[in-house]
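Trainee: Would you be able to build a 3D model of this:
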Amino acid sequence: MLDFDQAQTLLANAAGPLQRHEDIGLNDAAGRVLAADLTATVDIPPADNSAMDGYALRVADWRAGGRLPIQQRCYAGDVPEPLKPGHAIRLFTGSLLPDGADTVVMQEDTVEADNQVEITRQPAPNQHIRRRGEDTMTGTPLLPAGTVLQAAHVALLASQGLARVSVVAQLRVGILTTGDELVPPGTPRAPEQIYNSNGPMLAALVRGLGALPVHVLHARDTEADLLAAFKTLLADCDLVLSVGGVSVGERDLVKPALATLGGELSLWKVRMKPGKPVALAQIGGKPVVSLPGNPVSAYAVFAMLVSPLVRRMQGRDEIFPPVSLLPLRTEHPRQDSREEFLRVQRRVADDGSGELVAYGHQGSGVISSMPWATGLARLPADVQVNDMDRVPYYDLRHWLA
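Mentor: This is a model prediction of the structure:
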């Protein structure tokens with residue numbers, strides 16, 4: 001069996017970023033990956049302007065108890081007159097700063113009457129002024145390629161006047177579930193059958209990462225069905241995920257099917273629990289990852305091993321999300337010959353610090369533990385872990401996004 005870290009690195013480098021790019025409208029850009037570095041082409045703000053509702057004046061014109069004539073009322077979007085000596089101009093947030101003014105006094109420090117204003121607090125030079133280019137300046141880096149665009153990035157791009165942006169094309173993922181015992185949800189089920197939860201789950205996981213599940217197919221445990229399904233997925237998709245049929249049973253026919261299609265296995269079996277039976281093959285330059293059939297195992301393998309590969313193929317700049325160290329609450333010492341990934345909840349302890357609490361039943365078929373868990377706690381192989389020992393914590397909010 002391959003150690004977990006080796007397997008994770010191998011899978012993450014099983015394919016490079018997609019070279020297909022597309023130009024999309026800014027309103028559709030959230031969740032997409034920027035295809036090229038962007039440089040600012042507009043100064044923001046484009047001109048000096050007021051950060052407050054107030055008055056523009058020269059500091060030298062201020063006198064305690066004195067009053068200044070109001071030369072003009074200038075709203076945001078208006079062009080102010082040059083400021084006359086000994087005068088003030090009424091401004092509002094975003095109003096352009098008049099030529100000749102060197103400060104803005106907020107209206108709370110003023111008294112206006114008869115078209116004159118008294119400044120009740122001594123002003124300081126340059127106060128409450130937003131200077132041209134203090135946010136972004138023409139020619140400076142704006143966003144690097146690989147950025148996953150979110151609302152804040154969209155705001156930044158819109159401030160530059162961009163209506164469209166070049167992004168990496170959506171990763172096309174094919175999903176294949178296997179097993180004669182599986183039936184689709186919503187259909188009658190015989191006592192010896194179970195509902196297929198892996199197909200809908202993997203489609204949701206793929207969408208959660210911003211990729212596109214092009215096909216979600218199911219094949220019976222025959223080589224002919226498997227070959228037909230794999231051929232369809234390989235023709236239409238960039239990445240293929242299969243679930244089940246990759247162990248060593250008589251009906252585990254995924255490996256022979258991949259070999260028939262010319263697949264070269266570069267990984268089979270990982271020293272992790274849950275999730276030992278994992279295979280990686282390349283067919284026609286496309287990665288095929290075979291996951292274990294138990295839903296919990298497939299879920300954990302997707303989060304830990306497949307999601308970095310998806311992010312790599314999407315061209316993201318962050319392939320591996322951060323991992324923190326937190327104390328694990330456990331009633332008894334834990335130790336296994338494989339690295340174990342416990343389903344845990346991150347909770348706030350009495351002192352305000354974080355701690356991890358494991359789900360009571362860690363069986364690989366306990367699907368109810370998956371929506372309960374906020375993340376996975378990684379326990380090292382062949383090492384005893386005791387109550388409140390600090391262990392790596394993989395937050396699923398990041399590893400599945």
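Trainee: Spatially nearest residue to R346 (excluding sequence neighbours)?
Mentor: T374 (4.9 Å; CB to CB, 6 or more residues apart in numbering). Every residue, glycine included, has its C-beta placed from N, CA and C.
Trainee: scratch that, N196
Mentor: Per CB to CB, 6+ apart, closest to N196 is L182, 4.1 Å.
Trainee: wait, what's in contact with that neighbour?
Mentor: Q193, I194, Y195, N196, N198, H218 (CB atoms under 8 Å, 6 or more residues apart in numbering).
Trainee: Can you give me the neighbour number for the fourth one?
Mentor: Right, N196. Residues near N196, counting by other CB atoms under 10 Å, number 22.
Trainee: is it true that the residue nearest to R346 touches L342?
Mentor: No. Using CB atoms under 8 Å, T374 makes no contact with L342, being 11.7 Å away.
Trainee: Helices of the stretch 101-250 of the chain, residue ranges please.
Mentor: 151-159, 198-208, 223-236 (DSSP state H, counting those that start in this stretch).
Trainee: Which of these has the highest mean neighbour count?
Mentor: Mean neighbour count, computed with mean count of other CB atoms under 10 Å, is highest for helix 198-208 among the helices of the stretch 101-250 of the chain, reaching a mean of 19.
Trainee: List the contacts of it.
Mentor: By CB under 8 Å, 6+ apart, helix 198-208 touches 173, 175, 177, 182, 184-185, 212-213, 216, 218, 241, 243-244, 293, 295, 298-299, 302-303, 310, 400-401.
Trainee: Tell me the buried residues in the lengthiest strand in the chain?
Mentor: Using DSSP state E to define each element, the chain has its longest strand at strand 339-348. Using 16 or more other CB atoms under 10 Å as the test for burial, strand 339-348 gives E339, E340, F341, L342, R343, V344, R346.
Trainee: Give me the distance between it and the centre of its chain.
Mentor: 21 Å (CA atoms, centre = their mean, to the nearest Å).
Trainee: Just the residues contacting that strand, thanks.
Mentor: Residues contacting strand 339-348 (CB under 8 Å, 6+ apart): 3-4, 271-275, 296, 300, 304, 326, 328, 334, 354-359, 362, 369-370, 372-381, 393-395.
Trainee: Mind checking which of the residues you listed are in helices?
Mentor: Among those, DSSP state H puts F4, V296, A300, S369, M370, W372 in helices.
Trainee: Please tell me which one of the residues you listed counts the most neighbours.
Mentor: Top of the ones in helices among the contacts of strand 339-348 by neighbour count (other CB under 10 Å): A300, with 26 neighbours.
Trainee: List the residues that contact it.
Mentor: M272, P274, G275, F341, L376.
Trainee: domain assignment for this protein?
Mentor: Here the domain parsing of the chain from automatic domain parsing is 4-19+170-313, 24-43+135-168, 49-130, 324-399.
Trainee: Make JSON lines from the helices of the stretch 101-250 of the chain and add distance to P256 to it.
Mentor: Listed next are the helices of the stretch 101-250 of the chain as JSON lines, based on distance: least, CB to CB, whole Å:
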{"stretch": "helix 151-159", "distance to P256": "46"}
{"stretch": "helix 198-208", "distance to P256": "21"}
{"stretch": "helix 223-236", "distance to P256": "7"}
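Trainee: With mean pLDDT and distance to E108 added, can I get the ones you listed in CSV?
Mentor: What follows is the helices of the stretch 101-250 of the chain, written out as CSV (pLDDT from 0 to 100; distance: least, CB to CB, whole Å):
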stretch, mean pLDDT, distance to E108
helix 151-159, 98, 28
helix 198-208, 98, 47
helix 223-236, 97, 64
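Trainee: looking at the domains of the chain, which is buried most?
Mentor: domain 4-19+170-313 (a mean of 19).
Trainee: ends of it, how far apart?
Mentor: 20 Å (CA to CA, to the nearest Å).
Trainee: cool, stretch 211-225 as well?
Mentor: 26 Å.
Trainee: Next, work out how far apart D252 and L234 are.
Mentor: In this view, D252 and L234 are 20 Å apart by CB to CB, to the nearest Å.
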